[in-house]
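Asks: Take this sequence and fold it.
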Amino acid sequence: MDFFRLPQEDALRVAEWKYPDPFSFYDMTADEEDYEGFINPEKRSQHTHGVYEEGELIGFFTYHPNEDGDVDIGLGLRPDLSGKGLGRTFVEEGLSYAQKHYNPTEFTLSVAAFNERAIVVYERAGFEKKDKFMQPTNGGIYEFVKMKGSVKVCC
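Replies: Predicted coordinates:
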């Protein structure tokens, strides 16, 4: 897998991805603020990278390094590839990229509590559930799980 800073044309493509229910929760268009922050190149994180396989966009990672040395990650796999057993490899490749480019002390991520499929993938990639919290998004307030992963498990 290849990682490149996400070009605008691919950000627009990602923003239009549609996942089947209940994963439509992750559609960029489900939250106007998230959508605007992703499609606007001036608002999109400089740490957002497209993931490509044989030149084809298959997903993205956004890395949020903080002053403690941790890197919080956000990610998305193209909808037609979700649920096909590719998740663990996708996550591990993203962690390996972050390890090389950000040298984190630890990884963190947050996932909607209902998304048991993703939680299993993250656990298989070395993450552990650490906390639950409520987060306003998509016009409501939803429960999320905070997960942490050691850099030792990934690379």
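
Asks: Neighbours of the closest residue to residue 146 other than its chain neighbours, how many?
Replies: Setting aside the residues directly before and after it, residue 146 is nearest to residue 131 in space (C-beta to C-beta, 6 or more residues apart in numbering), at 4.2 Å. (C-beta placed from N, C-alpha, C; glycine too.) Under the neighbour criterion other C-beta atoms under 10 Å, residue 131 is assigned a count of 11.

Asks: just the one 10 residues further on next, same as before
Replies: Close neighbours of residue 141, defined as other C-beta under 10 Å, add up to 9.

Asks: go on, residue 60?
Replies: The local packing of residue 60 (other C-beta under 10 Å) involves 23 other residues.

Asks: which residues pair with residue 48 across the strands?
Replies: Beta-bridge partners recorded for residue 48 (DSSP bridges): residue 62.

Asks: hang on, isn't it packed against residue 62?
Replies: Yes. Under the criterion of C-beta atoms under 8 Å, residue 48 makes contact with residue 62 at 4.4 Å.

Asks: before we move on, back to that, against residue 124, how distant is the residue nearest to residue 146?
Replies: Here residue 131 is placed at a distance of 20 Å from residue 124 (C-beta to C-beta, to the nearest Å).

Asks: Tell me how far the residue nearest the centre of the chain lies from residue 135.
Replies: For the chain, residue 75 is the residue whose C-alpha lies nearest the centre (C-alpha atoms, centre = their mean; 1.3 Å). As defined by C-beta to C-beta, residue 75 lies at a distance of 17 Å from residue 135.

Asks: one step back: I'd assumed residue 60 was in contact with the residue nearest to the centre of the chain.
Replies: Yes. With contacts defined as C-beta under 8 Å, residue 75 counts as touching residue 60 at a distance of 6.6 Å.

Asks: Nearest residue to residue 28 in space, please, no chain neighbours.
Replies: Going by C-beta to C-beta, 6+ apart, residue 28 has residue 15 as its nearest residue, at 4.2 Å.

Asks: check contacts around that neighbour.
Replies: 28-29, 35, 38-39 (C-beta atoms under 8 Å, 6 or more residues apart in numbering).
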